[in-house]
Structures are given as C-alpha cells and as structure tokens.
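>>> Got a predicted structure here, sequence first:
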Amino acid sequence: MVDPSSSSDDRGVSPVIGVILMVALTVILATVLGTVVLDFASGVSEQPPQAAFDYEFDSADDNVTITHVSGDRIDSETIRITIGGDKAVSGTNSDFQGTDWEDSIRAGGGIEIGDHDVNGDISTGDTVRIIWENPSSSSANTIDSREWP
C-alpha cells in the first residue's frame, strides 16, 4: 500500500539537476574551446607572397639583374636579398630607391645588384636569395633563390 504521508514531488529532482549540470558543463567547455581557438587564430601570421623571378648573371662585372616575372605584388620594405649569405639589399634601409622596386615589387620590375652591394666577394656557387620578412611577426621565408653560375 502507498503511504499517503510521503510526497511524490521529489521524484523528478535528480534528473533535472543532472540535465542542468550537463548544460553548464557544455557551456563552460564551449567557452574554453572558443577562447583557445580564437587565440590560436590570432597568432596565425600572414602567408608569404607567391612570385616568380628571372635572374640574369653577368660574371664579367659580378652583377645580377633580378626581374619579377609574375605573381603577387610585394611591399619592398618586406624584402631582403642576400648573396652567399651576405646582405646585398634590404627594403628597410632604402636600398631599392631609384629602381623599379622602390615602393612595391610588381611583375616586370627589376633591380640590378652588383659586387659593390655585397659585404663579401661574390663567387661561383653562391646562392642569391630573395627573403620575405613577415611584417606581423619575426619570421622570414625564402620566396626564391638561384645559384650564382
């Protein structure tokens, strides 16, 4: 027999509390994951530009003419060119003034770099590198290179 003095109102309390706790846990987990993902996304830096370059070497005068053939337009302040590991030119110190690469590097524009632009001597086998320095971080990427003949 059923005891009339017992209350039947307490029977559904345990499942309701369980559902409330699960919803609260889901909200907290979503908040933490969202914060982590958004923080990670803000740390992603720019991708290096995609470009093709042509090199014309003049071994008699120890100079090279580099021409931007196709691809993305590149801000010249983000470019550094090295020959054999020695800095030849850099957009940060206005080495591109008076050239087609003064403000931005576009298809068809070129620059001539000679032995006088490099700290060391140029020799056969040295690598000419065009390096893009990411303006939003301290990373750098070689976007093109060619070996000195």
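Noted; the coordinates are in hand. Residues are numbered from 1 along each chain as shown.
>>> rest of the way, CA atoms for contacts and neighbours
OK.
>>> Just the element for residue 20, please.
Using DSSP states H and E, residue 20 sits within helix 13-43.
>>> Please pull up the helix or strand immediately following that helix.
strand 51-58.
>>> and that following strand, how far out from the chain's middle?
Relative to its chain's centre, strand 51-58 lies at 23 Å (CA atoms, centre = their mean, to the nearest Å).
>>> Same check on stretch 134-149?
Counting by CA atoms, centre = their mean, stretch 134-149 is centred 11 Å from the centre of its parent chain.
>>> Likewise for stretch 48-58?
In terms of CA atoms, centre = their mean, the centre of stretch 48-58 is found 19 Å from the chain centre.
>>> cool, stretch 97-116 as well?
Averaging C-alpha positions (CA atoms, centre = their mean) puts stretch 97-116 23 Å from its chain's average.
>>> again with stretch 75-82
With CA atoms, centre = their mean, you get 14 Å for stretch 75-82.
>>> just to revisit the earlier point, check the average confidence over the helix holding residue 20, would you?
Averaging pLDDT along helix 13-43 gives 83.
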